[in-house]
Each structure stands twice: as C-alpha cells, then as structure tokens.
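Enquirer: Turn this into a structure:
(chains A and B)
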Amino acid sequence: MIEVGEYKIKEGLYYTKEHEWVQVLEDGTVLVGITDYAQKELGDLAYVELPEVGKVVEKGDVLCEVESVKAVSEVYAPVSGEVIEVNEELADSPEKINEDPYEAWIAKIKPKNLEEELKELMDAKAYAEYLKTL
Amino acid sequence: MGKHYIPNSAHKEEMLKEIGFSSIEELFADVPEGFIREFNVPEGKSEYEVFMEMNEILSKNKTVLEMPTFLGAGTYFHYVPAHVKYLIERSEFLTSYTPYQAEISQGMLQALFEYQSLIAELVGLPVVNSSMYDWGSALGEAALMTVRLHRGKRLKFVVPKHTHPERMQVLKTYTRGANLEIVEVKWNDRGQVDLEDLKEKVNDAAGVYVEIPNFFGLLEENIQEIGEIAHEAGAYFVVGVDPTILGVVEAPGELGADIVVGEASYFGSPMNFGGPRAGIFATRNDPKFIRQMPGRIIGMTKDAEGKRAFVMTLQTREQHIRRAKATSNICSNEALVAVAAAIHIASLGPKGMQELGEVILKNTAYLKKRLSEVAEIPFDGVNFKDVLVKFEKPYQEIHEHLLQKNIHGGYYVKPHFPELGESALFAATETTRKEWIDALIDALREVL
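Expert: Numbering: from 1, shown residues only, chains lettered A, B, ... in the order given. Got it, this is the predicted structure:
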C-alpha cells in the first residue's frame, strides 16, 4: 500500500484520473471500483446505483452513480467492454466502499480492448504522483 | 403626484438625445400604426377614492356564497375551518416560502413532515414528498418516474381517455421532451375503464394510470384489477386520487398502487380561481422507488446532541446540485399550501375524514337523483362530487338561464368530448345544501 497523506493506494491496480481503479483478474476480466481518495472526498456513501449486467460501455462512459450524503457522482468506465457481474452486496451496504474501497468492487467487466486501454491508465506509483498534484 | 411620478420622465429629452433620437415617435417608428396610443392617465386620487372605485369593480364578482354553484370538475367549494387561515398566516409559515437554509427552519420542516405523514396514512404509501405544484404536474412527474424505473427502455404511458382534459394536457406537456407516448384507453358503456382495451394497449407500457374518482365523477370499480393488468405487463401502477374521498374508500396503496398522485389543496385552501395548489406524490418504501422520486423529502433524524431534528433528505439528486442530471426539474414545493392541507386534515381527524367523505357521497347521490328527473344521466354507478348530465338543448342556453336565476351551473364537457353530446358535469360537496339542489332542479325544469 502506498500512502499519500491520508490516502491509500493499492499496488498492482490500474488507476484513472477520475479515481476509479481496475484490477485485472486471471481470466482476463477486470474488477472496477473507486479509490480511497474518491470515497474520502465523497464522504459516507448512502447509495450505489449499480449498473445493469449486460450493459456495454466504452471507456469514459458513465458506468453507474454513487451517492453520498453530500453529492451524487458518476463512476466512469475505465475500460471498454461488457458488464458481466455487479457487486450486489453494495445495494444494501454501500458503506463497504468507505470501509475498504479496494475490496468493494462495483462491477466486473469483460474488456474488449484491454491491452491497449491499460496503457492509458496509471499504475499505483503514477497515481500517487498524480494525487500529490491535487 | 400626477404625471411626474413616473421615474425619470423629467429627463425624457436628455435620454432621447443620449441614444440618438429626437423624439419618442422616432424611437418607436418600427412599431406598426395602431399599436401606439397615448395613455390618458388621470390626476392622482386619494386612497379612499381608489378603495371605493376598486370595491365597486370587485362587487361585480359573485362568490359561491352569493350564488349557489355546481361548477366542479377539478376545483370545488370546500369549507375550510377558520383556524387554518390564522395558523398559516403566522409569519414563520407565511414568509418562509421554501426554506433555503433548510435546517434552521425546524418549525417549517416539522410542519411539512407532518403533512407527509398525514398524506402517507391517507394514501397508503409510506414515502411522500413535501408536495409538487399540483395534481397535473405530479402526474407528469409520475409518468417520467415510471420511465426512469424502466431505465428509459419503455416509453409508453397508458391513461384513461376520461382523465381530466387539463390534467391530460399537463401530462403531455411534461412528457413531450422525454419522447413519451401517451396512449389513451377507452371508457365502456358504464363510463369505466374498458379492461379489454387496456389489455390490448398495456404491452411495453412503463406505467398505467387511473383516477379515483374518474373525470365523470364515477368511482372506478376495477381499480385492483387494473393494477394487476399493469403489473402483469411489467408496468408500474399510478393512481390519481381526490384525497377528500380517502375517509370512505380503500387507500390506493392497499389496492396495489406503486405511485399515488393527487390534489392536496382540496384541504386547507379556498378555490382562489384554481390556485395555488399542491400536488400529492407518494411511493413505495423501496430504495429503487425513492431514488427515482422527484421533489424533496423532509426526514426526521437526530442532531449532534441526540435531539430530534428535521432535515431535507436526498437533496443530492435535486437540480441545484445535479443540474441537467437531476432526477426531475422540480427544485421546490408548495410549502404553505401543503401546511394548510396538513392543518385541515389534522383538524378533521380520522372520524372527520370519514364524515366528510360520507356527506359528499350523500350530497352527490341526491344531486344525481334529482338531475335524473329532468335530464339524462349517461352513466350509473357511484359518484363522488361530479355527475355527468346530458341535455337535449345546447348546454350554454341552459347555463345562461341558470345564471339569470342566480345559480352557477356545471362544467361544459362537449368541447373536450364531443361524443358525449350536450353534456356537463354538475358537482356537489359537503357545502352543497339540499335547497340549492332543489332550486337548481326547479330552474332546470323551466328551461328544459
């Protein structure tokens, strides 16, 4: 875990400037969630509007929405592909994202262009540097 | 006083010169002839003179107290207890409009919370917002909410053709931008929703709507079945209700409604030429529904010291925060009208609500029976407030005659539904007196 101030960054994941993380699984699918920075900025999460399984997204599309006590925020798709699973647990317990943002994944995506799109994402070190500029 | 009271009129020449004109005529040269005229504003008058003149003009109006009226069709003469007016005129209620710095307005929030709680109990759905603009806009929002619940994949909303024409127009206006198709279901020979026609049209509908009572004043007899037809087709069931009936009929929430809309201003507010009003909006206690609900909800919670406190909840979805992505475009409510309704409903209590409904049913039944002696009543069944009457003569002639007899007749229906012929809706409420109805029938006999 890298730490920048109060924010934790997990190594081995890929990151976007919009504060989503991507974890590549062995079968080539990816898990998507929001970072520690994102959840701390949002505050206590009250609701996660999970995407529908089967939703097809392009990188940068709105994947779903998360709602905290002070804001509603879009989560953008960090990679293109099809949503094949969602973390149903979050429907009843959105606070899991606050408790452990890197464990509480939101959607599992079957990517269509992973290799190329990963190059456009940051690794943990690069994301840590990025956070220092904010 | 006099003409120089108009600000800056002494500087006319100076101003004209500054913008490059030599006269007023030259400035307005582009305005077509005939549209410009000199205003002949008289010299100033004393306050007393103005008061008397205004009073003379106003005395030409006749109120329902001076002229028995049978005009209903959406706006009704109800008796509002005197204390309602005095309570809502307290400055804490009267001046606060919508509390912008919400949490310091605890009293206002509590009153709105009470409104929500009373409506929830009446309509049988636990989640109520702190009001929409009126019944019509609540219906428009309900239709849009059923589309959001379907994530925009269904764009059809099914309504009885015999929905109030003005409400129908508001619905169409509200849903036009969202490309919603409004599909109308026929009425049958009893003035009720034609279930066979509904079954044919319900496929792919986002929502199905029905009203208690319907535009003809009739209680639909198959509310529950209409809801089942809607749900079987995967559509949400929206019920519109005149809440003054809820002391005597089953709550729509108990009949399967997913969303209930209606008119709250029948309680607490005078007719006011039809406004301001307050729309009822209620839904199920299910996060899926609540997240898609328009408007604002007042919630009860505890403050930092553990004391009871009221807050605006789910503000994050509203337009001042989410802009174009907001759940709906309503950022406000009809706070004062809703508070007036709450005070009136609370004053009636459960027993008063039941008595109110019973008296209206009885008065309407007497009106209908007497009308049937002189004209055709196209639909039997149970009426609440409005009764559809069909005449053989042009209705306007009849209406004129009634006016001469100091009686205000009903609502002319033909312009909206020509197939119903020379028909009009005549309405009774708890305020309608037997002798008014008897006088109406006597007057009708003279002209029919």
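Enquirer: could you pull out the strands for chain A?
Expert: Taking DSSP state E, the strands of chain A run over residues A:2-4, A:7-9, A:14-15, A:20-24, A:30-34, A:45-49, A:56-57, A:62-68, A:72-76, A:81-86, A:107-111.
Enquirer: Likewise for chain B?
Expert: B:127-128, B:156-160, B:181-185, B:207-212, B:236-241, B:259-263, B:279-283, B:297-302, B:308-313, B:386-391, B:411-412, B:422-427.
Enquirer: Turn the ones you listed into a markdown table, columns for mean neighbour count, distance to residue B:36 and mean pLDDT.
Expert: Heads up, the C-betas are built off the backbone N, CA and C, glycines and all. Shown next, in a markdown table, are the strands of chain B (neighbours: other CB atoms under 10 Å in any protein chain shown; distance: least, CB to CB, whole Å; pLDDT from 0 to 100):
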| stretch | mean neighbour count | distance to residue B:36 | mean pLDDT |
| --- | --- | --- | --- |
| strand B:127-128 | 22 | 53 | 97 |
| strand B:156-160 | 25 | 48 | 98 |
| strand B:181-185 | 17 | 44 | 98 |
| strand B:207-212 | 27 | 50 | 98 |
| strand B:236-241 | 27 | 48 | 98 |
| strand B:259-263 | 29 | 44 | 98 |
| strand B:279-283 | 30 | 43 | 98 |
| strand B:297-302 | 15 | 52 | 93 |
| strand B:308-313 | 16 | 51 | 91 |
| strand B:386-391 | 24 | 48 | 98 |
| strand B:411-412 | 20 | 39 | 97 |
| strand B:422-427 | 24 | 44 | 98 |
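Enquirer: out of the ones you listed, which comes closest to residue A:101?
Expert: strand B:308-313 (24.6 Å; CB to CB).
Enquirer: strand partners of that closest one, parallel vs antiparallel please.
Expert: strand B:297-302 (antiparallel) (DSSP bridges).
Enquirer: Nearest to residue B:321, out of the strands of chain A?
Expert: strand A:72-76 (7.3 Å).
Enquirer: Next, the angle strand A:107-111 makes with that closest one.
Expert: 30 degrees (axes from the mean of the first three to the mean of the last three CA atoms, to 10 degrees).
Enquirer: Show the low-confidence segments of the chain, by residue range.
Expert: No chain in the question, so chain A it is. Under the criterion pLDDT under 70, no range of chain A is flagged.
Enquirer: switch to chain B, that's the one I care about
Expert: B:1-9, B:97-100.
Enquirer: Once you drop chain neighbours, what's closest to the residue of it found nearest chain A?
Expert: Residue nearest to chain A within chain B (CB to the nearest CB): residue B:316, separated by 4.7 Å. In this structure, residue B:316 finds its nearest non-sequential neighbour in residue A:72, 4.7 Å apart by CB to CB, 6 or more residues apart in numbering or on different chains.
Enquirer: ok now do residue B:56, which residues does it touch?
Expert: Applying CB atoms under 8 Å, 6 or more residues apart in numbering or on different chains to residue B:56 gives no contacts.
Enquirer: I'd like the distance from it to residue B:66, if you could.
Expert: 16 Å (CB to CB, to the nearest Å).
Enquirer: ok, what's across the strand from the residue in chain A positioned nearest to chain B?
Expert: Residue nearest to chain B within chain A: residue A:72 (4.7 Å; CB to the nearest CB). Counting by DSSP bridges, residue A:72 forms beta bridges with residue A:67.
Enquirer: Please list the residues of chain A that sit near chain B.
Expert: Within reach of chain B by CB under 8 Å from any CB of the partner chain, chain A has these residues: A:47, A:49, A:52, A:67, A:68, A:69, A:70, A:71, A:72, A:91.
Enquirer: Show me the residue at the heart of chain A, geometrically.
Expert: With distances taken as CA atoms, centre = their mean, chain A has residue A:33 as the residue nearest its mean C-alpha position (2.4 Å).
Enquirer: Tell me, how many residues neighbour the nearest residue to it once chain neighbours are set aside?
Expert: Distances taken as CB to CB, 6+ apart put residue A:105 closest to residue A:33, at 4.5 Å, once the chain neighbours are dropped. Around residue A:105 sit 22 other residues, with neighbours defined as other CB atoms under 10 Å in any protein chain shown.
Enquirer: Please apply the same query to residue B:151.
Expert: Residue B:151: 10 neighbours (other CB under 10 Å).
Enquirer: Please tell me I have it right and it contacts residue A:52.
Expert: Yes: Residue B:151 is within contact range of residue A:52, at 7.0 Å (criterion: CB atoms under 8 Å).
Enquirer: ok, now how distant is residue B:430 from residue B:81?
Expert: 12 Å.
Enquirer: and those two? which has more neighbours close in?
Expert: With neighbours defined as other CB under 10 Å, residue B:430 and residue B:81 compare such that residue B:430 has more, 19 against 14.
Enquirer: if we can go back for a sec, just checking, the residue nearest to the centre of chain A touches residue A:108?
Expert: No: if you go by CB under 8 Å, residue A:33 and residue A:108 don't touch, sitting 10.5 Å apart.
Enquirer: Buried residues in stretch A:95-114, which are they?
Expert: Neighbour counts over stretch A:95-114 (16 or more other CB atoms under 10 Å in any protein chain shown) mark A:96-98, A:101-102, A:104-111, A:114 as buried.
Enquirer: ignore the last one, stretch B:325-341
Expert: In stretch B:325-341, the ones that count as buried by 16+ other CB under 10 Å are B:326-328, B:330, B:333-341.
Enquirer: could you list every residue that touches the residue lying closest to residue A:131 once chain neighbours are set aside?
Expert: Excluding its sequence neighbours, the residue lying closest to residue A:131 (CB to CB, 6+ apart) is residue A:4, at 4.6 Å. Residues in contact with residue A:4, defined by CB under 8 Å, 6+ apart, are A:128, A:131, A:132.
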